[in-house]
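Q: predicted model follows, preceded by the sequence.
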Amino acid sequence: MGILGLSKLIFDKAPSAVKENSIKNYFGRKVAIDASMAVYQFLIAIRQDGNQLTNDEGEVTSHIAGLFYRTIRLLENGIKPVFVFDGKPPQMKSGELAKRAERREEAEKQLAKAQETGESQDVEKFSRRLVKVTKEHMFDCKKLLRLMGVPVVEAPTEAEAQCATLVKSGKVYATATEDMDALTFHSNRLLRHMTFSEARKMPIQEFVYDRVLSEMEFTHEQFVDLCILLGCDYCEHIRGIGPKRAFDLLKQHKSIEKILQSIDTKKYTVPEDWVYKEARQLFLQPDVSEASNVELKWTEPDVEGIVKFMVEEKGFNEDRIRNGIKKIEKSRQTSTQGRLDDFFKVMPSTPKTKRKSDTKIKSESAKKKAKTSFKRGK
Amino acid sequence: MFEARLVQGSLLKKVQEALKDIVQEASWDCTSSGLSLQAMDGSHVSLVQLTLRADGFEKYRCDRNLAMGINMGSMSKILKCAGNDDVITLKAEDTSDRLELMFESPKGEKISNYEMKLMDLDCEQLGIPDQEYSCSIKMPSHEFARICRDLSQIGECVVITCTKDGVQFSAKGDMGSGTVKMSQNLGAEKEDDQVTIEMTEPVQLTFAIKYLNMFTKATSLSGSVCLSMSNDVPLVVEYKVEDMGHIKYFLAPKIEDEDNDD
């Protein structure tokens, strides 16, 4: 999923493009959330004793529990979320999807084995790998969001691409996802950890794409080529070329075409019938709905509708749900605090002469960060 | 080489007090014309802008433009070590990562030297357009501080309404409401005690009081304060720093939401 090792590369090559902020700093911002990613996270992370939450009928409810409470948390912080759902996966993703299916099968086998031997840790590990977001999960989520008065956007294909379009048009401030390919789709701002639980106390990580480009000295097209070399969802990548080499090669040759002409094909095996051009096309001109056709309105929550859905259909505790709804209502009443940076424009930062010792410290801490977030990146 | 000697050292102490609540870290920009600073608070709702002109210092030298990243907490701690009557000298080498502070007692029998580590800050600077404001209100700074403090007992927000009759501050909360009205008063003996209102158009704006209460930390710098307002733009609260500069606070108003359907 996403782009292999991209976040680490950005930490190394363009550290000033990444900032960490508390969620409070995003009040008043409209944010497009990659719904599939968020729901998948909820299914994996929201568990009790290692099992997903279920209601009396045994239906999984982790996703709606997560969606309900974490959306409320965003609203309480004055953030206006827009959830963007995936449409049909693009044809080119079939290879990647087939691989994922394979991995699932493998995990299933290993889960069965672990259950036999009774290794509880392994059982948990493999059962997490088996988590799959189904149409029913998505249907539940859309229904709940609409009841909560939060806008839902259905993308024709990839949600990240649609989010990027919304950011580009200025309809929203940023894309919130863990997948780095939102940048490849040219979303100028990407926020990670937006839908994480409060208890994890993870600051929001903000990537500013313009800065990534200016610090790496790449054009958007070159950045897309870089991502294809790193490994994306839409085609194979050249074996033997890791992040660092990909970066250096692209610096030198400026495009995949020129790299192909110059590299030693004996040393690096270029995939047969490599469809990098098509993948590039997909990133540069994805199938999305025009932002001007997307209307974003945040409305009053449908109190009885939510109670009926969450309590009667899904078996949640009524008091807790009603409390949650009260929080939504409260978040709508308080008039919004304006942001100073909406009135005054941020000036382009002038590069300062950096003191040597400091830059060193900075890059070290960036590396540390890169390490941890790299693990979580997938 | 940067060097600035300020005879009235207490000014710097007061400036620091006026800054430290609102920003934790800020970059002090030193140029040949003087010292300046611009910083937003963490939530990007307010901004403080400070200017101290070179001619206000007894001695001022800045060979190369410098941006000193300063941790306000550390700066406060060190400036607390300076006496109110001390002469303060700031010094930094062009490439150094330290700021030297020297405090001299008035009679010169005691000299303290401190050194503070600087930081590499990457802060966003905002371009603040020059603009004409519909209302500009000058009033005693302690009155303004008092009004903000009093109304913060009542509610979280203050509505400031300026008409030709005067300026009204009002707050509402769970327990009730409160209103303070100030009328023009040109008869006061001291200039600082006067209330003057210049207005081309009535204005009404709502602000979060907690930020105003941070701004009024600058009260001791100046006897009067000037509020400038226009509809739908940030409020400006300005205090003069003797005759060497000013400290200006900008605060974004509360806004009605147009994307909410009711």
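A: Right, received. Where do you want to start? Treat the numbers as computed from the prediction; the structure is a model and nothing was measured. Numbering: from 1, shown residues only, chains lettered A, B, ... in the order given.
Q: hang on, A:Glu57 packs against A:Lys314?
A: No: counting by Cβ atoms under 8 Å, A:Glu57 sits too far from A:Lys314 to count as a contact (9.3 Å). Every C-beta, even on glycine, is put in place using the N, C-alpha and C of the backbone.
Q: which of those two has more neighbours?
A: Relative neighbour count places A:Lys314 above the other of A:Glu57 and A:Lys314, with 22 against 9, counting by other Cβ atoms under 10 Å in any protein chain shown.
Q: identify the residues contacting that one.
A: A:Asn55, A:Glu59, A:Thr61, A:Ile64, A:Asp140 (Cβ atoms under 8 Å, 6 or more residues apart in numbering or on different chains).
Q: nearest residue to the second one other than its sequence neighbours?
A: When you say that, I think you mean A:Glu59. A:Lys314 (7.3 Å; Cβ to Cβ, 6 or more residues apart in numbering or on different chains).
Q: and for the last one?
A: With Cβ to Cβ, 6+ apart as the measure, A:Ile64 is the residue that lies nearest to A:Asp140, at 5.4 Å, once sequence neighbours are left out.
Q: show residues contacting the helix or strand A:Asp341 falls within.
A: Assigned by DSSP states H and E, A:Asp341 belongs to helix A:340-343. Outside helix A:340-343, the residues that touch it by Cβ under 8 Å, 6+ apart are A:28, B:40, B:44-47, B:124, B:126, B:233-234, B:250-252.
Q: what is the nearest of these to A:His253?
A: B:Glu124 (34.8 Å; Cβ to Cβ).
Q: ok, that closest one touching B:Ala26?
A: No: assessed by Cβ under 8 Å, B:Glu124 is found out of contact with B:Ala26, at 11.8 Å.
Q: please say which of these two ends up with more neighbours.
A: Ranked by neighbour count (other Cβ under 10 Å), B:Glu124 and B:Ala26 place B:Ala26 first, with 24 against 14.
Q: follow-up on the earlier one: so the residue nearest to A:Asp140 versus A:Gly315, what's the distance?
A: Plainly put, A:Ile64 is 11 Å away from A:Gly315 if you go by Cβ to Cβ, to the nearest Å.
Q: so which residues on the stretch 51-200 of chain B come close to chain A?
A: Neighbours of chain A within the stretch 51-200 of chain B, by Cβ under 8 Å from any Cβ of the partner chain: B:67, B:95, B:97, B:118-120, B:122, B:124-129, B:157.
Q: from these, which two are the most distant?
A: The two members of these with the most space between them (Cβ to Cβ) are B:Thr95 and B:Cys157, at 47.3 Å.
Q: neighbour count: the two, which is higher?
A: Neighbour count, other Cβ under 10 Å: between B:Thr95 and B:Cys157, B:Cys157 has more, with 21 against 10.
Q: does the spatially closest residue to the more buried one that is not a sequence neighbour sit in a helix or strand, and which one?
A: Nearest residue to B:Cys157 in three dimensions, chain neighbours excluded: B:Thr206, at 5.4 Å (Cβ to Cβ, 6+ apart). According to DSSP H and E, B:Thr206 maps onto strand B:203-208.
Q: cool, B:Val158 as well?
A: With DSSP H and E as the test, B:Val158 turns up in strand B:157-163.
Q: kindly report the same for A:Leu226.
A: Going by DSSP H and E, A:Leu226 is in helix A:220-230.
Q: for the residue nearest to A:Asp140, what are its contacts?
A: A:Asp140, A:Cys141, A:Leu144, A:Met310, A:Lys314.
Q: dump those residues to JSON lines, plus secondary structure and pLDDT.
A: Output for the contacts of A:Ile64, formatted as JSON lines (DSSP: H, G, I helix; E, B strand; the rest coil; pLDDT from 0 to 100):
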{"residue": "A:Asp140", "secondary structure": "helix", "pLDDT": "90"}
{"residue": "A:Cys141", "secondary structure": "helix", "pLDDT": "92"}
{"residue": "A:Leu144", "secondary structure": "helix", "pLDDT": "93"}
{"residue": "A:Met310", "secondary structure": "helix", "pLDDT": "91"}
{"residue": "A:Lys314", "secondary structure": "coil", "pLDDT": "88"}
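Q: ChimeraX command to pick out the buried ones of those residues?
A: Buried residues within the contacts of A:Ile64, by 16 or more other Cβ atoms under 10 Å in any protein chain shown, are selected in ChimeraX with:
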select /A:140,141,144,310,314
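Q: run through the helices of the stretch 1-150 of chain B in chain order.
A: Along the stretch 1-150 of chain B, counting by DSSP state H, counting those that start in this stretch, helices occupy B:9-20, B:72-80, B:141-152.
Q: A:Pro81: which of those helices is closest?
A: helix B:141-152 (31.3 Å).
Q: so how far is the closest one off the chain centroid?
A: Relative to its parent chain, helix B:141-152 has a centroid offset of 15 Å by Cα atoms, centre = their mean, to the nearest Å.
Q: likewise stretch A:150-170?
A: 12 Å.
Q: end to end, how far does it reach?
A: 18 Å (Cα to Cα, to the nearest Å).
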